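In: Show me the folded form of this:
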Amino acid sequence: MTKLKLCSIMNWYDQQTRRTRRPRRIEEVQSAEIGFPIVWVLIGALSAMLIIGLVGLGALNILRRQAITPTPPTIANLAPTQPIADGGAAPIDPAASPTIPPVVTLPPTVTPVPSDTPIPQPPARISKNGFAIIINTDGSGVSLRGGPGTNNDRLGVVGEGDVVEVIDDYQVSENRDDAIEHPIWWHVKAPDGQDGWVSERFLQPSLTPKAKIQ
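Out: Next up, the predicted model:
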């Protein structure tokens, strides 16, 4: 009796389990059929996004290289470099070569050295229209006579160092006593304008005074 009950119970349990398992398998098969395409769609979408990202990154790198590559500057009046052939250098175009202006060297400026102004020298001898200075009077001056000789009247005195103008040629003394000491006399004009005769013994050739004697 117990064996029969046990068998019936087991049969009933087996039937129940079969009933409950069969729908789960169907659900699993249905879920598997439904889920399989979704996974592949997701994988395809991710692959497409990855490919698009790689292509965009490559294009971005190309654009960056083009932007960074420097463009050689263009120099005015300079021809582009020609390729060098095998076995020799490229010919140089003289028209394309820049012309360097010649260096102009200016001669040094020579500063003229001022020459020494020559010191005027007095004439060698007394002459008409010249000048003479009174000397040899020991500071007392010389007598201005009315004629060529000591025998003539004294018209005045010319101080030593004064310059007189010679207005006529010399003459021999009219006084025989003057033959040794005063043989020659000159007609002169004193600084005060008085004219008369002075022995050559007291005269020395001189330069023109700064102010001409009137």
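
In: Now do N129, the pLDDT please.
Out: You'll see N129 listed with a pLDDT of 92.

In: from now on call the first residue 290
Out: Shifting the count to begin at 290 puts that one at N418.

In: residue contacts, the nearest residue to it once chain neighbours are set aside?
Out: Sequence neighbours aside, V455 is the residue nearest to N418 in space, at 6.6 Å (criterion: C-beta to C-beta, 6 or more residues apart in numbering). Quick note: C-beta positions are derived from backbone N, CA and C, even for glycine. If you count contacts by C-beta atoms under 8 Å, 6 or more residues apart in numbering, V455 has them with I415, S416, K417, N418, G419, F420, A421, W475, H476, V477.

In: who does S432 bridge with?
Out: V446 (DSSP bridges).

In: So it sits against D442, correct?
Out: No. Contact criterion C-beta atoms under 8 Å: S432 and D442 do not qualify, at 9.6 Å.

In: quick one: which of these two has more around it?
Out: S432 (19 against 10; other C-beta atoms under 10 Å).

In: Check the gap between that one and R353 for me.
Out: For S432, the distance to R353 (C-beta to C-beta, to the nearest Å) stands at 123 Å.

In: ends of stretch 423-441, how far apart?
Out: 19 Å (C-alpha to C-alpha, to the nearest Å).

In: what's it in contact with?
Out: 442-453, 460-464, 466-467, 471, 474, 476-477, 479, 483, 485-488, 490-493.

In: Just the buried positions in it, please.
Out: Buried residues in stretch 423-441, counted by 16 or more other C-beta atoms under 10 Å: I423, T426, G430, V431, S432, L433, R434, G436, P437, G438, T439, N441.

In: Many thanks, we can stop here.
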